[in-house]
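>>> What would the 3D arrangement of this be:
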Amino acid sequence: MEQLKQLFAQWAGEPCAECLAIGAGGSARRYFRLVGATRRCVGAVADDIRENEAFFAFSRHLHAKHMPVPELYAVADDRCHYLQQDLGDQTLYGMLFDKKRQGGGFDAEMLTLYKQALADLAAIQQAGADIDFSVAYPRAAFDRRSILWDLNYFKYYFLKLKHVPFDEELLQNDFDRLADSLLAADCNYFLYRDFNPRNIMVADRLYYIDYQGGRRGAAQYDVASLLYSAKSDLPEAIRAELLSHYLDVRNLKGDARKLWLDDFWRYLLVRILQTLGAYGYRGLYERKPYFIESIPLALTNLRTLIENHPLLLSPLPELARALSNSLNSPNSLNSLNSLTPLTVTVTSFSFKQGLPDDPSGNGGGHIFDCRALPNPGRYSEYKTYTCKDRPVIEFLQRKPAVDLFLNNVKGIVAQSVDKYLERHFTNLMVSFGCTGGQHRSVYFAEQTAAWLRQTYPMVNVVLCHREQDK
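Okay, here's the model as predicted:
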């Protein structure tokens, strides 16, 4: 953090007043939001210099071509610390998840955003086609070796961990044939590699992040990644509409359109297999609940693909047999006992009315005392408001002590949530108390619940305002 602050001061010409850790998902990179008097940015710390150099080169190239990617502000001499444009915290996946949680779903707004994402993808794929791919990491192209890496990842971390029977020699022959058919497509585009809704930021427009694994390849792969992202679970009719929209943006018609689609289903197959390999490693091997919960969704995508395109596996008999065993055997992951989800109950309360009860029987959890923080209830203009009202929210957001307190809370709670998920615990309580249970405690409960839902989508978050709800 100190190196990032020094880099910020050199870039901004002013000291860094705040440096707050922000979530990085499954990435090994660490991210921080740095804020000064007039400027702000996101700082990153990443130890893989070759991957960093790929990200720097891709960012500069795409930004110079006016693609909506974060502007790279500064890079430290060690090439491990760098600053980039702050695009906020809202992702396309987060928006979709919030709509589903609130009883909605893939509505007209989401359809418009996804169509924009696909139009932007088409532009990025072509704008990045003339990148110097010698800097790409770990491969300059999605070539035979890259494809076989993905397929063997699926073999070792999914099929073998699930004890699915197959003939290794015959399966490798099928992998070779599949690679040949994939490489017969037009492979002269920028392949983003991880084009999914978690890497699409929603700000004044859509922006795109985490493309450091990019390389030369076929355009179909990235379209498949977005439309068949397992956790997004898009309706099949929506996928068909979005796929048609992408092809219209590309102005593909007639035989060219049919040929592109023929290649698309093969690229979708290899993308789903890569996803199952990744989920197998993170879930079956490392026992991370989020990835275990994602496996049935990826299997559903696989089943849908095979049922809708039964001839796809005709040239790949041993792979077809292995996939059939995966989907239909009693040992299939469709019949996995689902892990009991973790419920985090976030409560605001008044200390004058006593501590909140824990009906789960877990015995309670974290209790944070907000009474040392600035109290809007002491000012007459705020007495008729609660902390759900904009004037009180803005009052607290202007206080540096409030941000410091909230950042400390996130660090403490994250440590517990991570461990509770690892040990398959089912209940955690996080409570915020103040004098009357109307202002400060409500603000921190609201902020913490929103952060938990964004950072831990697999966790069930229950929000309760004990005094205010009365």
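
>>> any idea how this protein splits into domains?
According to automatic domain parsing, the chain comprises the domains 2-48+57-84, 92-335, 343-469.

>>> Apart from its neighbours in sequence, what residue is nearest the residue nearest the centre of the chain?
In the chain, the C-alpha closest to the average C-alpha coordinate belongs to Arg198, at a distance of 3.3 Å (CA atoms, centre = their mean). Excluding its sequence neighbours, the residue lying closest to Arg198 (CB to CB, 6 or more residues apart in numbering) is Tyr93, at 4.6 Å. All C-beta atoms are positioned from the backbone trio N, CA, C, and that covers glycine.

>>> thinking again about what came up before, how about the domains of the chain in TSV, adding mean pLDDT?
Listed next are the domains of the chain as TSV, based on pLDDT from 0 to 100:
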stretch	mean pLDDT
domain 2-48+57-84	93
domain 92-335	93
domain 343-469	84
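
>>> Please confirm that Pro356 is located within a helix.
No - using DSSP: H, G, I helix; E, B strand; the rest coil, the secondary structure at Pro356 is coil, not a helix.

>>> picking up where we left off before, so who does the residue nearest to Arg198 touch?
Contacts for Tyr93 were tallied using CB atoms under 8 Å, 6 or more residues apart in numbering; they are Asn196, Pro197, Arg198, Ile200, Ser229, Lys231, Ser232, Pro457.

>>> quick one: it from Gln85, how far?
According to CB to CB, to the nearest Å, Tyr93 and Gln85 sit 20 Å apart.

>>> go on, Leu273?
With distances defined as CB to CB, the gap from Leu273 to Gln85 amounts to 35 Å.

>>> Show me which of those two is the more surrounded one.
For Leu273 and Gln85, the more surrounded residue by other CB atoms under 10 Å is Leu273, and the numbers stand at 23 against 18.

>>> Give me the three-state assignment for that one.
helix.

>>> If we ignore the residues flanking it in sequence, what's nearest it?
Closest residue to Leu273 in three dimensions, ignoring its sequence neighbours and counting by CB to CB, 6+ apart: Phe154, at 4.1 Å.

>>> how much distance is there from the helix or strand where that neighbour lies to the middle of the chain?
Counting by DSSP states H and E, the secondary-structure element that holds Phe154 is helix 144-154. Chain-centre distance of helix 144-154: 23 Å, with CA atoms, centre = their mean, to the nearest Å.

>>> isn't Leu299 right next to Ser326, touching?
Yes - distance between Leu299 and Ser326: 7.2 Å, which falls inside the contact criterion (CB atoms under 8 Å).

>>> For the closest residue to Ile124 other than its chain neighbours, list the residues it contacts.
Closest residue in space to Ile124, ignoring its immediate chain neighbours: Met67 at 5.3 Å, by CB to CB, 6+ apart. For Met67, the residues meeting the contact criterion (CB under 8 Å, 6+ apart) are Asp120, Ala123, Ile124, Ala127, Gly128, Tyr208.

>>> secondary structure class for the first one?
Per three-state DSSP, the local secondary structure of Asp120 is helix.

>>> What is the burial count for it?
Other residues within reach of Asp120, judged by other CB under 10 Å, total 20.

>>> same thing with the fourth one?
For Ala127, the number of neighbouring residues by other CB under 10 Å comes to 18.

>>> And it, how far from Lys65?
Taken as CB to CB, the spacing of Ala127 relative to Lys65 amounts to 4 Å.

>>> One more: the fifth one?
Plainly put, Gly128 is 8 Å away from Lys65 if you go by CB to CB.

>>> out of these two, which sits in the busier spot?
Taking neighbours as other CB under 10 Å, Gly128 and Lys65 compare with Gly128 leading, 23 against 15.

>>> So what pairs up with the residue nearest to the more buried one when sequence neighbours are not counted in the strands?
Excluding its sequence neighbours, the residue lying closest to Gly128 (CB to CB, 6+ apart) is Phe190, at 2.7 Å. Taking DSSP bridges as the rule, Phe190 bridges to Arg216.

>>> Only the buried residues of the helix or strand containing Thr300, if you could.
Assigned by DSSP H and E, Thr300 belongs to helix 289-308. Buried residues in helix 289-308, defined by neighbour count with 16 or more other CB atoms under 10 Å: 289-299, 301-303, 305-306.

>>> Next, the angle helix 289-308 makes with the next helix or strand after it.
Using DSSP H and E, the helix or strand that directly follows helix 289-308 along the chain is helix 317-328. With axes from the mean of the first three to the mean of the last three CA atoms, to 10 degrees applied, the angle from helix 317-328 to helix 289-308 works out at 120 degrees.
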